[in-house]
Each structure stands twice: as structure tokens, then as C-alpha cells.
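> Structure of the sequence below:
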Amino acid sequence: MNEIHSADLKDREQPSDNDRLENNDNDSNDNLEINDNLDISQFHRVDINLYPLFIAIFEQKSISKAALILCISQSAVSHALQRLRLQLGDELFIRAGHKMLATPFAEQIYTPIKQALLTLQSIATSQNSFDPKAIHSLKIAVHDEIEPIIFPKLLAHFHSLDLNIQFLSAKLDRKTMFSDLSIQQADFVIDLKQHCPSNIHYQSLIEDHFVVCSQQKNVNKTIYLNAPHIGVSSRRTGQLVEDIDLNRQQLSRQILLRCQHYSTALQVLAQHPEAMLTIPKLILQNLHYADSIHVHELPIALPKIDIGMYWYQDLAHNTRHQFLRAEILKLAQLI
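Numbering: from 1, shown residues only. Model prediction:
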């Protein structure tokens, strides 16, 4: 079965941190001499807390984004970076426009530092049992039209678990959604399935399909294609998702008007007896519409709609994140 993909997001595939670790592993070992003899007496001069900061700046190429991840001020990041520069005897990062670019030495030490921190993290958390009551917040970026399908049930589900979680639904920006995940501005994104960078994971949650709304009592393929249609998209220009798939079948339709929300489209539909609206069924179930409007099965085959959750790969083994993913997946099976 084909799937609906979001039409307004450009491919932005980039190598993941894991890919970088794998691809650079041999180079790093060739260029950086590792001393197997541990001299514990040297560690009083080493501030280990500076190294997560190094990783954050290296991966985000930004002082401000690193500060967001580390939950400290930009000034604190700048001062800590200066201390690390003195400790390592290298500039580490050089500003180029709005980006902080790594020096050759920083490129060389990135892999062993990341591997060391992952090892420390694994050791520190291996014996800790996870308590869901320690979760205090959950932030999800979600499209306006998908929010009513997910959020009310999400709140009810976690309330049934007796968890005191503060929920935040953030407006989805498809231009920045993947970078927002990588700097942990959101725990999850819930949206249509689409191509995503290799450092972002996707899990399908819900499968939906299009239906047709109209005041007309009967709808077939000929009536559907000849009728005026109301289109819905948050974008001002560009083809609608339905029209992309119709064009693949060498079919077309007339767009009477285009608006941003299905709720608006349903109100307009009540004023135009001949018009039609193609809408996902689950979204329609959460909206009010006039008694004069009839719901019909779509007379033309269109791909199913795949809605799922996205998350940043570095959180794949995080116990808090694993618990939240599992519970959201349980909830989706009930929708």
C-alpha cells in the first residue's frame, strides 16, 4: 500500500552521529595516539564537565543551540568553551557567519570524546531503575489538524497511569522540525510520514484514509472530478497532497478556493451545494459540520495516510524516552 508523504518538506538528509562515528573511527585512530596507560594523577587538571559542552557545540555548530540543549546561558557556554580551549591548547571552534566550525584538532578528537561519554553514560545508568513518576513534562510538536486526534487521548492515557506530567503541544514547523528534535526543543514530532534525515527515527502510529464531504447525496468518479473543490493547506502555494496523487493517475480537478483549516472548509462547504471537500476521516470525526453535508467514500483510489512520531536518534536508548515512546504507541493502537 502506498503512503501519503508530506509534500512541503525538502529532503535534508545528513549523516547521523553514529554514521560519523563509524566513518571516522579508523581515521581518528590513525591520527590520534591513544595512551593505554591511565595516569590518574593527571585528572585533577581535567574538567570532564566541559566535554559534553564540546560535543553539543560540535554537533549543533552553534553556541546558542548548545546552550538550549545544556539548559545553561549562552554566556556560560562561551566561558566554558574558553576554559576548554585553554585546557586543550587549541581554538577548537572558529566562527564563520552564524556557525561555529570545528578546527582540524576538534574534528580529530570528536569521535574518542563521544565514545568516552557514551561509555560513561552507559555505566552511570546501567544500575538505575527508571521511575515514570520522575517524568515532569512532555513536549510534542504536532500539526494543528492532527492535534485533536492525538492530544485528548494522550492526556487521558497518562492520567490513567497516575503520572503528574505537564503536557505542551507546540505548533509544528515542517521547515525546522528535524533540527528542533536534534536540539531537543521537542520530545517528539507527530506528523505525516515523510523522508527524514538519518539521525531522526520514525514510528508509524495511525493509518487514515480520505473521504469526501458534500451536500450532494451521490458521488461517483465523474461527479467528483467535475465538481468544484475546496482545498486545505497551511502553505500558500504549491500542489495539494491529493492533487499530487491525482496527477499521477493523469486526473485533475477544479479548486474553488483554498483555506488553511478543515473546520473553515466545512463551513464554506455548507454554503456551496455543488462543492466537495476531500478530508482525512479521523480529522473529520473531530470536527462539527452541518446536517446538510453528507460523507462519502472516495470514488478514486488515493494512498493511505500514515501518521507517526519522530524522535532524535541519540535518545533511542534513553529510559525516559523509551517509556514515553512505548506509552504513545500503546495509545495509538486504541485510536
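> can we go C-alpha only for contacts and neighbour counts from here?
Noted.
> Give me the distance between D173 and R235.
11 Å (Cα to Cα, to the nearest Å).
> I meant to write T103 there.
Applying Cα to Cα, the value for T103 to R235 is 40 Å.
> Repeat that for L225.
23 Å.
> ok, the two, which is more surrounded?
Each of L225 and R235 has its neighbours counted (other Cα atoms under 10 Å); L225 has more, 18 against 12.
> Distance from the chain centre to the helix or strand harbouring the more buried one, please.
In this assignment (DSSP states H and E), L225 forms part of helix 221-226. Centre-to-centre, helix 221-226 and its host chain are 37 Å apart (Cα atoms, centre = their mean, to the nearest Å).
> quick one: the helices in the stretch 151-300 of the chain?
Along the stretch 151-300 of the chain, the stretches classed as helices by DSSP state H, counting those that start in this stretch are 177-182, 221-226, 241-248, 262-269, 281-284.
> how about JSON lines for those helices, with mean pLDDT and distance to L154 added?
What follows is the helices of the stretch 151-300 of the chain, written out as JSON lines (pLDDT from 0 to 100; distance: least, Cα to Cα, whole Å):
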{"stretch": "helix 177-182", "mean pLDDT": "90", "distance to L154": "20"}
{"stretch": "helix 221-226", "mean pLDDT": "96", "distance to L154": "36"}
{"stretch": "helix 241-248", "mean pLDDT": "91", "distance to L154": "27"}
{"stretch": "helix 262-269", "mean pLDDT": "95", "distance to L154": "22"}
{"stretch": "helix 281-284", "mean pLDDT": "95", "distance to L154": "15"}
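> which of the ones you listed sits most buried?
helix 177-182 (a mean of 21; mean count of other Cα atoms under 10 Å).
> which other residues reach that one?
Contact with helix 177-182 is made by A141, A186, D187, F188, V189, C196, P197, I200, W311, Y312, as judged by Cα atoms under 8 Å, 6 or more residues apart in numbering.
> Would you quantify the distance from the second one to K139?
The spacing between A186 and K139, counted by Cα to Cα, is 5 Å.
> Neighbour count: those two, which is higher?
The residue with more neighbours, out of A186 and K139, is A186; 22 against 16, by other Cα under 10 Å.
> What does the pLDDT read for that one?
Note on A186: pLDDT of 92.
> Just list the residues touching it, thanks.
Contacts of A186 by Cα under 8 Å, 6+ apart are K139, I140, A141, D180.
> Show residues contacting stretch 302-322.
1-5, 130, 132, 135, 181-182, 184, 187-193, 199-210, 242, 245-246, 280.
> rerun that using 6 Å as the cut-off
For stretch 302-322, the surrounding residues in contact (Cα atoms under 6 Å, 6 or more residues apart in numbering) are 2-4, 181-182, 188-193, 199-209.
> Quick check: the gap between N247 and C213.
21 Å.
> again, but for R253
In terms of Cα to Cα, R253 sits 15 Å off from C213.
> and if you look at L155?
As judged by Cα to Cα, L155 and C213 stand 30 Å apart.
> So for the two, which residue has more residues nearby?
Between L155 and C213, C213 has the larger neighbour count (other Cα under 10 Å), namely 24 against 13.
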